[in-house]
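Asks: Only the shape, not the letters, is given here:
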């Protein structure tokens, strides 16, 4: 490995760790927002936590995307369809993707506290599974 390749690999590791830390922070924010009754904000935070950890995985795989929809498509193509992660996470990711869109762009949207709590619990489990994938590299 050349000096440049080594620096590139170090930089990639820094980015992966950065995305994982952002994911962890957003899960914490989601918990606070849920407890405070800010359910739309909690849903948004849950989505971004999932997006960041998936982005970390793809960064580790030397893949970068410019759009959320590209990350979403690659998640399904490269992780769900290949069986690298449980197929149930596909519908979970769709839920958080779609409901984040609603939370951000629909003028009136209401979420139920119990539903958001369940999704937050699932997001924590998703994070564990994604971290296992990251660590298996």
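Replies: Now that the structure is in, tell me what you want to look at. Since this is a predicted model, take the numbers as computed values, not measurements. Residues are numbered from 1 along each chain as shown.
Asks: If we go by neighbour counts, what in stretch 54-70 is buried?
Replies: Neighbour-count burial for stretch 54-70 flags 54, 55, 56, 57, 58, 59, 60, 61, 68 (criterion: 16 or more other Cβ atoms under 10 Å). In short, each C-beta sits where N, CA and C put it, glycine included.
Asks: The spatially most central residue of the chain: what's it in contact with?
Replies: The centre of the chain sits closest to residue 50, judged by Cα atoms, centre = their mean, with a distance of 1.4 Å. Applying Cβ atoms under 8 Å, 6 or more residues apart in numbering, we find residue 50 in contact with 23, 93, 96, 123, 126, 127.
Asks: picking up where we left off before, now the buried residues of stretch 54-70 in CSV, with pLDDT, distance to residue 84 and secondary structure?
Replies: Below are the buried residues of stretch 54-70 laid out as CSV (pLDDT from 0 to 100; distance: Cβ to Cβ, whole Å; DSSP: H, G, I helix; E, B strand; the rest coil):
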residue, pLDDT, distance to residue 84, secondary structure
54, 98, 12, helix
55, 97, 16, helix
56, 97, 15, helix
57, 97, 9, helix
58, 96, 12, helix
59, 95, 16, helix
60, 94, 13, helix
61, 94, 10, coil
68, 94, 20, helix
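Asks: Can I get the residues you listed in JSON lines including distance to residue 113?
Replies: Formatted as JSON lines, the buried residues of stretch 54-70 follow (distance: Cβ to Cβ, whole Å):
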{"residue": "54", "distance to residue 113": "26"}
{"residue": "55", "distance to residue 113": "28"}
{"residue": "56", "distance to residue 113": "29"}
{"residue": "57", "distance to residue 113": "30"}
{"residue": "58", "distance to residue 113": "32"}
{"residue": "59", "distance to residue 113": "34"}
{"residue": "60", "distance to residue 113": "35"}
{"residue": "61", "distance to residue 113": "36"}
{"residue": "68", "distance to residue 113": "26"}
